[in-house]
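In: No sequence on hand, only this structure:
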């Protein structure tokens, strides 16, 4: 069976969708029954010729409607129309529906593309059961055409905890990783940190990731904070820098208002770092008993959770052990097997 996946998420800054796309392609290419190719959406990304693809993944020339493949898999809300191929579309999350105020021009385009795919003959793939239920409830998709296949966790690159502490400017620090945008609510994290910082003058807060839209809100919160001089803002990091920060961190914080999966807290668990996260979206499903959960939008609860994690060695040890166990649920081979089963099913039903 020949399948072609949209590799557009591999262009530019790598987000969670890009992590899934690369990991899934790499694992699928190892399955002997599949011939895996990649294509790029001409209207969604530029520079497709610069794509770095996993070993064993070829390039497909998709001339709409697509031919020469059995299954087209759109990895990020959109999938081309095709006369002769079954279609699968991945829905990473539905933040664009849950939070209309967060809709960018791209988000509105993604939503239109997704509605067209669901109204057509595309089957839906999600990374979590939470998002699968949202697709059914909010978009009216047929539950029989919605499948959940969880991804693996990207392998953590080699990195030095000492280098991470040097980047953070402190031996103890709270770390947040991800694009700085309203959905991540790093402004709330700054306020929560400000509450605990007075009694813990050896702790910094590090926020690392690319600038998203409305990033000025985060900067304003830092400027207002009494301990804003201990908030370290780093941009997008390479794998070595990211690994160093993870390995050196005392606590990983995820204060999001919504998540469709959540790679970064799993990466923190891989690094042996305890996690404090908001109890929203897919996070309870993905992280289970391996994180300390706090209510979203409650600065005091987030501050208390972070302080407790910093001060309670027994809690840290318990959650680090639970994190190692939790990671065993996620593998790229299981992801590939699940996607292959989905491809065979949708091809047979066409």
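Out: Yes, it's here. What you see is a predicted model, and the numbers here were worked out from it, not measured in a lab.

In: Neighbours of residue 240, how many?
Out: Residue 240 is flanked by 13 other residues according to other C-beta atoms under 10 Å. The C-beta positions use only the backbone N, C-alpha and C, and glycine is treated the same way.

In: would you list every one of the strands in the chain?
Out: All strands of the chain, identified by DSSP state E, fall at 2-6, 35-39, 58-59, 71-74, 86-91, 123-126, 146-148, 172-177, 203-208, 231-234, 251-254, 275-278, 292-294.

In: tell me, which of the ones you listed is the model least confident about?
Out: The weakest mean pLDDT among these belongs to strand 58-59, with a mean of 62.

In: residues contacting the closest residue in space to residue 114 that isn't next to it in sequence?
Out: Spatial nearest neighbour of residue 114, chain neighbours left out: residue 77 (4.6 Å); criterion: C-beta to C-beta, 6 or more residues apart in numbering. Counting by C-beta atoms under 8 Å, 6 or more residues apart in numbering, residue 77 touches 89, 90, 91, 92, 110, 111, 113, 114, 117.

In: Kindly indicate which of those residues lies nearest residue 303.
Out: Minimum distance to residue 303 across these is 29.6 Å, recorded for residue 92 (C-beta to C-beta).

In: on that earlier part again, I'd like the strands of the chain written out as TSV, with distance to residue 317 and mean neighbour count added.
Out: Putting the strands of the chain into TSV (distance: least, C-beta to C-beta, whole Å; neighbours: other C-beta atoms under 10 Å) gives the following:
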stretch	distance to residue 317	mean neighbour count
strand 2-6	40	24
strand 35-39	42	23
strand 58-59	47	14
strand 71-74	41	27
strand 86-91	36	24
strand 123-126	33	25
strand 146-148	32	19
strand 172-177	16	24
strand 203-208	19	24
strand 231-234	26	18
strand 251-254	13	26
strand 275-278	14	27
strand 292-294	13	21
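
In: Redo those strands as CSV? Include distance to residue 14.
Out: Formatted as CSV, the strands of the chain follow (distance: least, C-beta to C-beta, whole Å):
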stretch, distance to residue 14
strand 2-6, 15
strand 35-39, 15
strand 58-59, 19
strand 71-74, 18
strand 86-91, 16
strand 123-126, 20
strand 146-148, 23
strand 172-177, 12
strand 203-208, 13
strand 231-234, 16
strand 251-254, 18
strand 275-278, 21
strand 292-294, 27
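
In: Ok, which of those strands comes nearest residue 325?
Out: Between residue 325 and the strands of the chain, the shortest gap by C-beta to C-beta is with strand 275-278, which sits at 13.4 Å.

In: Partner strands of the closest one and their direction?
Out: Using DSSP bridges, strand 275-278 pairs in its sheet with strand 251-254 (parallel), strand 292-294 (parallel).

In: all helices for this structure, in order.
Out: 16-28, 95-98, 105-119, 129-139, 161-168, 186-197, 215-224, 239-248, 263-270, 283-287, 299-311, 313-327, 332-349 (DSSP state H).

In: okay, these in a markdown table with distance to residue 35 and mean pLDDT next?
Out: Listed next are the helices of the chain as a markdown table, based on distance: least, C-beta to C-beta, whole Å; pLDDT from 0 to 100:
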| stretch | distance to residue 35 | mean pLDDT |
| --- | --- | --- |
| helix 16-28 | 10 | 94 |
| helix 95-98 | 33 | 85 |
| helix 105-119 | 23 | 87 |
| helix 129-139 | 28 | 97 |
| helix 161-168 | 41 | 97 |
| helix 186-197 | 42 | 96 |
| helix 215-224 | 42 | 91 |
| helix 239-248 | 29 | 96 |
| helix 263-270 | 28 | 97 |
| helix 283-287 | 31 | 97 |
| helix 299-311 | 47 | 97 |
| helix 313-327 | 31 | 96 |
| helix 332-349 | 11 | 96 |
